[in-house]
Structures are given as C-alpha cells and as structure tokens.
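Participant: kindly generate the corresponding structure for this input.
(2 chains)
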Amino acid sequence: MSEIKNIIKGCLAGDRRDQELLYRRHASKLYAVCLQYSGNDEEARDTLQEGFIKIFENLSHYKYEGSFEGWMRRITVNTALEKFRCRHNLYRVDDIDLIREQDADPDNHDYAGLEANDLLGIIRELPPKYRMVFNLYAIEGYSHKEISKMVNISEGTSKSNLSRARVILQRRVGSYTGIKKSVVNG
Amino acid sequence: MDERGANIDLLFRNGLKDYEVLPPPEVWENIHPAIKVKTNAFIFIRAAALIGLVVTLSFLAYRWSREISIGHDSTITAFDIEAASPAFFPSYISLNTITVKERIPDILFNKSLFEDIPENTILSDNDKNSIPEIANFNGKNILTINRVSLQHGPVKSFEILTIDQQYVPEISPVKSTERWSIAAMASPTYYSSFNSGRDGLSKQLMASETPLVSYSGGVAVSYKINKRFSIQTGLYYSSLGQEVDGVSSFSGFKQYNNTKGNHNFEVLTTSGSIYAHNPDVFLIADGPGERILTTITNDVFDPKKANLQPINSTLLQNFSYLELPIVMKYKFIDKTIDFNLIGGISYGLLVNNSAYARVGGSKYPVGNTEGLNPITLSSSIGMGMEYNISNKLSLNFEPTFRYYLNPFNEVTGSKFHPYSLGVFSGLSYKF
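Facilitator: Predicted coordinates:
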C-alpha cells in the first residue's frame, strides 16, 4: 500500500513517471473492463482513455480507504456508463435475432473449458442495453434499483433486460462450448 | 431460471475477474498530454530564494559602488557623514586648528561624530596636509575645507563654510543618450535539472547523467525606455546536452535485426526517452535496472558472441534551440560601470535533437530523444554589468540564471526541470 501511496503522491505532484507507472500497472485490467462494456475496440479505447484522465484528475479525492483498484474500476465503469447514456438512443434492442434468442430454451451446459477471452467475446455480442444491465448487476453487483437510476430505466426494465441477457448468454455459452467440444473431439 | 441465471452470472463474474488485455500503446500517448501538470511549490520557493540572492548581491554591489564613488568621484556626496568622516577625521587627528572663513552651505552632521571634538577646534591647512586621506583628496581635485565651525548644543553641527574654487567635481564620461543598442553576446552555459524524484529509477537516471558544457550566443537589441528601464529582445542559438553513462553501444546489428518497427531500443533519460532509430546500433545497459526498454536483451542476443563492434559506453544527447528572449533591465547603478537587474522570459524553438555515441573524434548517430517539447518557455534572472568604453560602445557582462518553466519532455516527469547558468559577455553598440 505504501508503494501505491508513493505513486499516487507522485501523480498528484505532476510526476509523469509515476503517472505512467500507474497507467502501466492498471491499464490492462481496466482495458478488459472497458472491452466488457463496449461493443467494439474503438469504443473501449475511448473509454479507457477518458477513464484514466478522470482517474488522474480525481486522484486527490481518493481517501486511501478500500481498494484503489476498485476505486479505479468504478471510475472506469462510470465512464462507460456515461458514454452509454450518450449513445443509447442510437441503439435498438428489440432486434429480431434477439427475440428469437429469447424463445430459445437454454439447456444446462457444461461451461468448463471456456476461457476469459471467450466469455468476453460472448458478453460483447450482447446488445448494449442488455450488456450494460448484465455487467452492472452480475459483474459489479449493483441492485436493480441502483441500475434503474444509473441507466435511467425502470426497475422492471432492468430486470427484464437482465433476464434477456442471461438467456442470450446461456444460449451462446452453450453453442460455444458445443463448438469447442466438437473441435476437441474432432 | 433464477438458478441458471445465478450460474451464468457466476460464470462471467469469475471468468472475467482477473482478466487483462493489453491496451494499444496510442491510448497512453493520448492520455498523458491531457493530464494537467501541477506546478510544484518548491519551484516558487527556489525562485524566491534566487530573487533574494540577486537582490542581496545587487545591494552589496550598490554599497560597493558607493564606496568607490567616495574615493574617486569627488562629489559633494563625499560629505555624507558616514562615508566621509573616517577620511576627514580619523581618531588620531587633533581637530584644534580648523580655520573658519565665510559660511556657504550648512550640512548637519551626526552628533556622535563630533562628541569628542573640543568646542571651537580649528583644522588648519597644515593639518589637512598632514592627514594623508585629505592630502590624497586634494591631489584628486577634492574640495579644501577653509572654514569650519563646530557648535556644541542640543545638536552638535558641523558646518562647511567655504569650498575653494579649486573644487571641481570630477565629471564621469558623458553617457550616450541614444535609446537603441545592439549587442553580440555569447556565453558558456552550465546546464542541469532540478529533481525531486524519490524512486530508485529517478535517482539512477540522475546519477548516470553528466551535463555537457554548452554554449549560447546571439544578437540582442534593446530599447531604453527611460534612464533606468530598458527592454531587450533578440535571437539566440543555444546548444545543450548531456552524457548518459552506463549504456554500451555496438555497431553492426543491422544484419541480425529482423524486428519490425522504427526502433528497437528506448533509453530512459531525464530529458526523455532516446529512440534508437539507427537499425545498425545495438544498445545494452551496463548494469541492472530499467533504463533500456527492448525486446532484444542480452539473454536472447549477445552482442559479443555476434561479434558486434563496441562503440562506446556513453551516449550523448544534444538539443539545440533558437531562443527569443524578452527581458526587462533595471539600471540601479548608473556610473562608469552600470549595474542592471535583468529579468524576463524566453521562448525556445527546438531546431535540433540528436543522440549519438562518440567514436574517436566522430559521432556515431543513434537516434533522437522522443517527445521533446518543440517550444520551451524559460524564465531568466541575472545581474548585468556594463562598462562604457565610449559614448557608443560598451562591454557587457551578464551572469544569468535560467529556469525552464516547462520540462523538455512531458513523458519523463515534471520533476526534471532543467536550468542553466551562463555568463553572457559581449559588446554593445548604441545608436
């Protein structure tokens, strides 16, 4: 903790080396978060960039209470959320494909063998609203009430979006593991 | 469904928990210029200390100049009681023969000076001649005191009654009234940087770098606003640099260089990272540390086994700037030798940036320092001395301290703020 304190102090003093050190240490993890919240790489890069600028600008507000990584993650997620709020009017979630996905009956699949990269790929295929609600609920641990305020939707919509997201994810995980198994079995 | 939902949540939560993806390098390149660099308080403390030092030096110079003027200028200020009294009335003089003639000006003297002088003591011409100080003054066209009266009372006063006609104040050379002047100035420059870094890498970088003796020179034009103030600008060329120890360079790497990209090595320095653009050069740190960033390390490629030719174990960085100073001068002593307080700012335009190794007497190009600020802003403070050779020509001597307000390179950290100390000298011509 003392090391990160020194780095933070250096960043606050405007020390570029410490700023770069902070970035290098945490960028990979936060970029994974950004990818998880973004539909494409460009959006993820923008989110990471804006998120880190906010992190540096708000470092003086960090009180050394709780995990610093968690604090940075929250800022990154909030940045992704802001970008989502700006763009969500552009997205349509009731795609025909999705409705078809809803009708699919998810089976109990063997999830073993799925790697993080596969999971990220699957989650990024979700429509933005479903992806956002699923991430906030299942990964970050927010309640539907909190999500409804954050995303500016009703609690019911949040629940509904989560449910649809889960269905799609189960379906795709199933297909993915099936494909993987068939590849392995030849 | 709820259970399956919880399972899928767990699957993603756990699966992505420690997942990391390396972001593309351009993300940081976009972030770092956007972060505001905070000015450190210590900069102001140092600046204040420096100003204090210059003011103190100026005051001492002023006092020194006053003492010189008493000895040589023969002006009425010689009767300033504090300065003149030791010359006229040393303790061993018997002040009992002062002759009194007619009264001209009254000068009230310090009471303490004459406390020991008996009432109505007179100083004769003979006594004056016997006092070496006065005799010397006479020899230099100093006034002769013919009549002096001393009065005891609530305030003891010393009155100069007559000043001989032989007293003619020495007139210093007539100074030019021209407002413009042009000067050619040059200076050797000592260059270094302030560092408040605490981490090991900063200390390692600083310890291995030695400033090169640099130089600066150019033409300055100044305009005299009034008797005291003048403004000066000009165009200077400054070359500065440093030696970076502990980095061995080898030539002949080109045949083994199969990597893509425009450089294979990055050498961290306090002025920024040197990118080795020369594909033929192989660099390796002499000791442990994070100084060189490369994928071609000694464990994957040994330059000695590959028979690469060693060049040097020191790299040299050189930066050249065209500088446009805007300087105010305040003349606080206006004598044969003028003293000026100098302060201002200077914009520097980067015109050359190179990194090289030295082979014998020649340079082996390595690359350049990446990300240098193309424009620098520096503040300068100094004290100028100007000796008037003639009405038109004067000799200038200006010790100047310059502090770079922005670091040369945004990447390496604001704690490396360069500064330079130079002693500019040259000739100026008034017109």
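
Participant: helices of chain A, start to end?
Facilitator: Remark: helices assigned in chain A by DSSP state H are A:2-12, A:16-37, A:41-57, A:68-87, A:96-103, A:116-124, A:128-134, A:144-151, A:155-185.

Participant: to B:Met206, which of those lies closest?
Facilitator: Across those, B:Met206 has its closest neighbour in helix A:16-37 (12.1 Å, Cβ to Cβ). Every residue, glycine included, has its C-beta placed from N, CA and C.

Participant: before we move on, the earlier item: in TSV: the helices of chain A, plus mean neighbour count and distance to chain B.
Facilitator: Below are these laid out as TSV (neighbours: other Cβ atoms under 10 Å in any protein chain shown; distance: least, Cβ to the nearest Cβ, whole Å):
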stretch	mean neighbour count	distance to chain B
helix A:2-12	15	7
helix A:16-37	22	4
helix A:41-57	20	5
helix A:68-87	18	11
helix A:96-103	12	12
helix A:116-124	18	4
helix A:128-134	24	8
helix A:144-151	18	13
helix A:155-185	17	4
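
Participant: mean pLDDT added to the ones you listed, as JSON lines?
Facilitator: Output for the helices of chain A, formatted as JSON lines (pLDDT from 0 to 100):
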{"stretch": "helix A:2-12", "mean pLDDT": "83"}
{"stretch": "helix A:16-37", "mean pLDDT": "89"}
{"stretch": "helix A:41-57", "mean pLDDT": "90"}
{"stretch": "helix A:68-87", "mean pLDDT": "88"}
{"stretch": "helix A:96-103", "mean pLDDT": "41"}
{"stretch": "helix A:116-124", "mean pLDDT": "88"}
{"stretch": "helix A:128-134", "mean pLDDT": "91"}
{"stretch": "helix A:144-151", "mean pLDDT": "88"}
{"stretch": "helix A:155-185", "mean pLDDT": "80"}
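
Participant: compare those and give me the one nearest B:Lys227.
Facilitator: Across the helices of chain A, closest to B:Lys227 is helix A:16-37 (Cβ to Cβ), at 46.5 Å.

Participant: who are the packing partners of that closest one?
Facilitator: If you count contacts as 3 or more Cβ pairs under 8 Å, 6 or more residues apart in numbering or on different chains; DSSP states H and E, helix A:16-37 packs onto helix A:2-12, helix A:41-57, helix A:68-87, helix A:116-124, helix B:26-31.

Participant: give me the distance from that helix to the chain's centre.
Facilitator: With Cα atoms, centre = their mean, to the nearest Å as the basis, helix A:16-37 stands 14 Å off its chain's centre.

Participant: export that helix as PDB, just CAs?
Facilitator: This file holds the C-alpha atoms of helix A:16-37, laid out as PDB (Å, rounded to 0.1, in the frame of the first residue of the first chain):
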ATOM      1  CA  ARG A  16       4.900  12.000 -15.300                       C
ATOM      2  CA  ARG A  17       6.900   8.900 -14.500                       C
ATOM      3  CA  ASP A  18       4.600   8.000 -11.600                       C
ATOM      4  CA  GLN A  19       1.600   8.700 -13.900                       C
ATOM      5  CA  GLU A  20       2.900   6.300 -16.500                       C
ATOM      6  CA  LEU A  21       3.700   3.700 -13.800                       C
ATOM      7  CA  LEU A  22       0.200   3.900 -12.500                       C
ATOM      8  CA  TYR A  23      -1.100   3.500 -16.000                       C
ATOM      9  CA  ARG A  24       1.100   0.600 -16.900                       C
ATOM     10  CA  ARG A  25       0.200  -1.300 -13.800                       C
ATOM     11  CA  HIS A  26      -3.600  -1.000 -14.100                       C
ATOM     12  CA  ALA A  27      -4.300  -0.300 -17.800                       C
ATOM     13  CA  SER A  28      -4.600  -4.000 -18.800                       C
ATOM     14  CA  LYS A  29      -7.200  -4.800 -16.200                       C
ATOM     15  CA  LEU A  30      -9.200  -1.700 -16.800                       C
ATOM     16  CA  TYR A  31      -9.000  -2.200 -20.600                       C
ATOM     17  CA  ALA A  32     -10.600  -5.600 -20.100                       C
ATOM     18  CA  VAL A  33     -13.400  -3.900 -18.200                       C
ATOM     19  CA  CYS A  34     -13.800  -1.400 -21.000                       C
ATOM     20  CA  LEU A  35     -13.900  -4.200 -23.600                       C
ATOM     21  CA  GLN A  36     -16.600  -5.800 -21.400                       C
ATOM     22  CA  TYR A  37     -18.700  -2.700 -21.600                       C
END
